[in-house]
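S.K.: Kindly generate the corresponding structure for this input.
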Amino acid sequence: MTIRIAYIISAYKDATHLARLIEALGDNADFYVHIDKKVSRKPFEKLLKDKVTFVKSWWISWGGWNQVEYQKELIGAVINSGKPYDRIICLSGQDYPLWSNEHIHRFFEEHPDSEILMGMNLSISSNVNQRSRIKNYHFFRDVEWRNLWLKNKLTVASRIIMKILP
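M.R.: Purely as a prediction, here's the structure:
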């Protein structure tokens with residue numbers, strides 16, 4: 001049995017690395033790629049034009065709702081392709097496979113009814129930076145800021161206000 005895989009990938013830098021990632025995973029797979037709106041798509045399109053399906057670009061910031069929007073865009077492209085996939089695998093453009101394609105395909109053949117998800121409970125993390133990511137409000141994440149100075153000032157002001165309020 002041949003496993004048919006759709007890789008959905010979000011990238012925001014290093015088009016050359018993304019091209020290497022896609023080359024490494026290229027056996028019997030299709031690639032759907034989101035490029036962050038803050039960067040130029042041209043280097044990515046130049047290297048990957050015939051190898052991937054590009055989706056609409058979204059302005060992405062950590063913790064912003066647009067992270068959900070671009071994932072919906074990628075999954076929608078897979079569904080609308082009409083191709084019958086056995087697996088959809090979500091990657092970052094900075095990832096690189098530790099397993100060979102043969103190993104990946106064999107794993108999924110041996111585990112046809114398994115889904116692999118990773119999560120961590122940040123509320124009990126001993127890392128203060130990790131805890132602050134869920135404890136603090138993250139305002140202005142999905143605004144397409146052209147004035148980063150203003151964004152930084154508003155972000156600091158909102159955090160101060162949130163510490164004062166009960």
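S.K.: how's this protein carved up into domains?
M.R.: Taking automatic domain parsing as the reference, the chain has its domains at 5-110, 125-164.
S.K.: In this protein, mark out all the helices, start to finish.
M.R.: 15-25, 42-48, 66-80, 101-110, 128-135, 148-164 (DSSP state H).
S.K.: could you give me the average pLDDT of the third one?
M.R.: Pointing back at helix 66-80 there. For helix 66-80, the mean pLDDT works out to 95.
S.K.: Quick check: buried residues in it?
M.R.: 66-67, 69-70, 73-75, 77-78 (16 or more other CB atoms under 10 Å). Yep, even glycine has a C-beta here, placed from its N, CA and C like the rest.
S.K.: do the fourth one as well
M.R.: For helix 101-110, a neighbour-count test (16+ other CB under 10 Å) marks 101, 104-105, 108 as buried.
S.K.: circling back to that earlier point, compare the helices of the chain and say which comes out lowest on pLDDT.
M.R.: Among the helices of the chain, helix 128-135 carries the lowest mean pLDDT (a mean of 75).
S.K.: any idea how far that helix is from the chain center?
M.R.: Computed by CA atoms, centre = their mean, to the nearest Å, the chain-centroid distance of helix 128-135 equals 20 Å.
S.K.: packing partners for it?
M.R.: Helices and strands in packing contact with helix 128-135 are not found; criterion 3 or more CB pairs under 8 Å, 6 or more residues apart in numbering; DSSP states H and E.
S.K.: want to try CSV for the domains of the chain, with distance to Leu117 as columns?
M.R.: Formatted as CSV, these follow (distance: least, CB to CB, whole Å):
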stretch, distance to Leu117
domain 5-110, 10
domain 125-164, 18
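S.K.: which of the ones you listed is buried the deepest?
M.R.: Mean neighbours per residue, mean count of other CB atoms under 10 Å, is largest over the domains of the chain for domain 5-110, with a mean of 16.
S.K.: how long is that one from one end to the other?
M.R.: 15 Å (CA to CA, to the nearest Å).
S.K.: Just the CA atoms of stretch 148-163, as PDB, please.
M.R.: Extracted as PDB, the C-alpha positions of stretch 148-163 are listed here (Å, rounded to 0.1, in the frame of the first residue of the first chain):
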ATOM      1  CA  LEU A 148       6.800  49.000  14.800                       C
ATOM      2  CA  TRP A 149       7.600  51.800  17.300                       C
ATOM      3  CA  LEU A 150       3.900  52.500  17.800                       C
ATOM      4  CA  LYS A 151       3.100  48.700  18.100                       C
ATOM      5  CA  ASN A 152       5.800  48.300  20.800                       C
ATOM      6  CA  LYS A 153       4.500  51.300  22.800                       C
ATOM      7  CA  LEU A 154       0.900  50.100  22.600                       C
ATOM      8  CA  THR A 155       1.900  46.600  23.600                       C
ATOM      9  CA  VAL A 156       3.800  47.800  26.600                       C
ATOM     10  CA  ALA A 157       1.000  50.100  27.600                       C
ATOM     11  CA  SER A 158      -1.600  47.400  27.300                       C
ATOM     12  CA  ARG A 159       0.500  45.000  29.500                       C
ATOM     13  CA  ILE A 160       0.900  47.700  32.200                       C
ATOM     14  CA  ILE A 161      -2.900  48.300  32.200                       C
ATOM     15  CA  MET A 162      -3.600  44.600  32.400                       C
ATOM     16  CA  LYS A 163      -1.300  44.400  35.500                       C
END
